[in-house]
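J.: Following is a predicted model, sequence given first.
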Amino acid sequence: MDTTKLEKILNEDGIVFLTYGGFLTQSLIVGMTEALQKESQHSDIGSKTSHNIFAIFIELSQNIMNYSKSRQKDALRYDSKGMIIVGKNPQNHYYVLSQNVVRLDDKTKMESKLEEIVNTDLEGVKKLYKEARRSGKYRHSMGGGIGFYEIAKRCSRIDYRFETLANDNYYFKFKATL
């Protein structure tokens with residue numbers, strides 16, 4: 001087992017409160033949220049910060065469940081595998097990091113939304129969020145809608161990248177720093 005990449009993340013990003021890699025289910029997300037709640041109480045994290053961590057964690061977990069796709073025998077199927085880490089870096093900032101595989105069509109939607117968000121200040125993000133909520137455009141759809149606005153409202157920095165894999169698949173790496 002090559003643990004070099006995980007060790008690099010852990011060394012660069014400081015204390016890790018939670019790390020999980022594999023299939024995600026709704027019940028597993030609930031269990032991990034409970035573990036995060038206990039850790040935040042034990043670590044004496046403020047209520048606003050812990051609430052933001054939980055909200056970002058849930059959004060990113062849902063993204064992994066909803067956007068992780070693979071192609072098998074010419075059929076597209078959901079493959080809710082990914083990795084999610086919650087921690088505190090050496091500068092005492094909390095972060096939530098996720099990694100999963102997405103298809104080209106989702107990459108295109110997510111990338112344009114993320115570019116818009118990282119190039120907009122907090123007030124602008126709040127305005128875009130309100131407009132999206134009012135319009136109902138993203139109500140029951142997937143595609144990098146309201147969830148990324150929700151994350152951006154709760155963190156101080158977003159970093160992301162897409163790495164090309166085979167068969168129109170991309171490795172999506174996302175990090176929200178509070």
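T.: The structure has been received and is ready for your questions.
J.: Have a look at this protein and report its longest helix.
T.: With secondary structure taken from DSSP state H, the chain has its longest helix at helix 47-67.
J.: Which residues does it contact?
T.: Residues outside helix 47-67 that contact it (C-beta atoms under 8 Å, 6 or more residues apart in numbering) are 18, 24-26, 29, 32-33, 36-37, 40, 45, 78, 80-82, 84, 86, 94, 96, 98, 100, 102-103, 106, 110, 142, 147-148, 150-151, 154-155, 172, 174, 176, 178. In short, each C-beta sits where N, CA and C put it, glycine included.
J.: ok, 6 Å please
T.: 24, 29, 33, 40, 80, 82, 86, 94, 96, 98, 100, 102, 106, 142, 147, 150-151, 154, 176, 178 (C-beta atoms under 6 Å, 6 or more residues apart in numbering).
J.: Now, of these, which are buried?
T.: 24, 29, 40, 80, 82, 86, 94, 96, 98, 100, 102, 106, 147, 150-151, 154, 176, 178 (16 or more other C-beta atoms under 10 Å).
J.: circling back to that earlier point, quick one: which of the contacts of helix 47-67 sit in helices?
T.: Short answer: those in helices (DSSP H) are Ile29, Thr33, Ser40, Asp106, Gly147, Glu150, Ile151, Arg154.
J.: any idea which of those residues is least confident?
T.: Across the ones in helices among the contacts of helix 47-67, the smallest pLDDT goes to Ser40, namely 83.
J.: Give me the spatial nearest neighbour of that one, chain neighbours excluded.
T.: Ser50 (3.9 Å; C-beta to C-beta, 6 or more residues apart in numbering).
J.: ok, now how distant is that neighbour from Leu60?
T.: Counting by C-beta to C-beta, to the nearest Å, the gap from Ser50 to Leu60 is 16 Å.
J.: what does Arg161 give?
T.: Taking C-beta to C-beta, one finds Arg161 at 15 Å from Leu60.
J.: now do Gly46
T.: Counting by C-beta to C-beta - Gly46 and Leu60 are separated by 21 Å.
J.: Could you tell me the per-residue confidence at the most centrally placed residue in the chain?
T.: In the chain, the residue lying closest to the centroid (C-alpha atoms, centre = their mean) is Leu60, at 3.0 Å. On the pLDDT scale, Leu60 is placed at 95.
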